[in-house]
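# Below: sequence and its predicted model.
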Amino acid sequence: MISKWSLETNMEQRHAFMIVIEHMLHNDPEQMLMFITGIGRSGKSHLIRVIVDVFAQKGHSREILLSAPTGSAACLIDGFMIHALTLMNSQSMGDANQQTVDMDELQEIWHDVTYLVLDEVSMVSMELLANIAKWISLAKAGEPERRDKPFGGINIIFMGGMVQLRPINGTVLYSHAVVNNLSRCMFETVKAQRHLFGAFLWRSLTHVVQLVQNEHAKADLTFIEMLGWIRLGSATMSVGSPPSDWHHLQQRLLSELHKNSIDDFLHFSEAPIVFGEC
């Protein structure tokens, strides 16, 4: 399986893969709350496909659900919006005290499920995470061995890079503002309590794996390093030696390629040209 999915050369991918698969194969009773993060193009989506494939080969397809906080992100992994899986609606913001759902339908969705992949976790707020845990716990309320565990005892695999899109009208999961400023008012409203519970859930992770290899640009170390600086908003534009990140990008202009690398320039001879509206 390692060789089939080309995991031999990526130690972090292989490590994350083995944690999940060994947990599943050994039917580990300890709940797994795992976060797999990394730079763009480091193979997070590929790892999801590998995990799903192994679950299918071992006859466990019904035990895993794939989800994301938006429809477009869910489509990219052949999954579902997390709101659809938990029957949350936007009017109640997932508040179990303000929303009634068909409990039979909710329990049917989660009946055989023991693992949930939640992709693009950077867009999940503390409040949303608390609501997700609440609804899954309600779905699993009929299983006594799971009743007292967060997320109804479901094993969660969070995926995504935390410097990507932030939650809309919500607090990012890694914020320390809530836990560093505890006061009586934090417990006076339901919303404040959900914020605090979401912060607690995120700090209950049992495994964290960071993917560091860019699987799509292994041969260009300069480009990979530059992407890292751009990702952090620290790209250089100064003139001098070594060339700045801006200067490195300028070398890829067609006018520069025509002067310096005719072979690279010819690669663009049949490339589509996109025009903006004037």
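Looks like it arrived, so ask away.

# OK, contacts around Ile64?
51-52, 55, 113-117 (Cβ atoms under 8 Å, 6 or more residues apart in numbering). (C-beta placed from N, C-alpha, C; glycine too.)

# which ones among the residues you listed are found in helices?
Among the contacts of Ile64, the members falling in helices are 51-52, 55 (criterion: DSSP state H).

# which phi and psi does Ser67 have?
Ser67 adopts backbone torsions of phi -150, psi 170, taken as degrees, to the nearest 10.

# Name the nearest residue to it, ignoring sequence neighbours.
Ile82 (4.3 Å; Cβ to Cβ, 6 or more residues apart in numbering).

# Would you check how far apart Asn155 and Leu182 are?
For Asn155, the distance to Leu182 equals 29 Å [Cβ to Cβ, to the nearest Å].

# that older thread, of the contacts of Ile64, just the buried ones, PyMOL syntax please.
The buried subset of these, as determined by 16 or more other Cβ atoms under 10 Å, is captured in PyMOL by this line:
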select buried, resi 51+52+55+113+114+115+116+117
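
# Out of the contacts of Ile64, which is nearest to Glu127?
Using Cβ to Cβ, Leu116 is the member of these that sits closest to Glu127, with 18.3 Å.

# Contact partners for the closest one?
If you count contacts by Cβ under 8 Å, 6+ apart, then Leu116 has 64-65, 67, 85, 136, 151, 154-157 around it.

# okay, these in a markdown table with pLDDT, secondary structure and distance to His258 next?
Below are those laid out as a markdown table (pLDDT from 0 to 100; DSSP: H, G, I helix; E, B strand; the rest coil; distance: Cβ to Cβ, whole Å):
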| residue | pLDDT | secondary structure | distance to His258 |
| --- | --- | --- | --- |
| Ile64 | 98 | strand | 50 |
| Leu65 | 98 | strand | 51 |
| Ser67 | 98 | strand | 47 |
| Leu85 | 96 | helix | 52 |
| Ile136 | 96 | helix | 57 |
| Phe151 | 97 | helix | 56 |
| Ile154 | 97 | coil | 56 |
| Asn155 | 98 | strand | 54 |
| Ile156 | 99 | strand | 51 |
| Ile157 | 99 | strand | 47 |
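
# Between the residues you listed, which sits nearest Pro167?
Once Cβ to Cβ is applied, the member of the contacts of Leu116 that ends up nearest Pro167 is Ser67, at 15.4 Å.

# Below-threshold pLDDT in the stretch 51-200 of the chain: ranges please.
90-99, 184-187 (pLDDT under 70).

# quick one: the helices in it?
71-76, 82-86, 103-110, 126-139, 177-180, 190-202 (DSSP state H, counting those that start in this stretch).

# Just name whatever secondary elements the fifth one is in contact with.
What that stands for is helix 177-180. helix 190-202 (3 or more Cβ pairs under 8 Å, 6 or more residues apart in numbering; DSSP states H and E).
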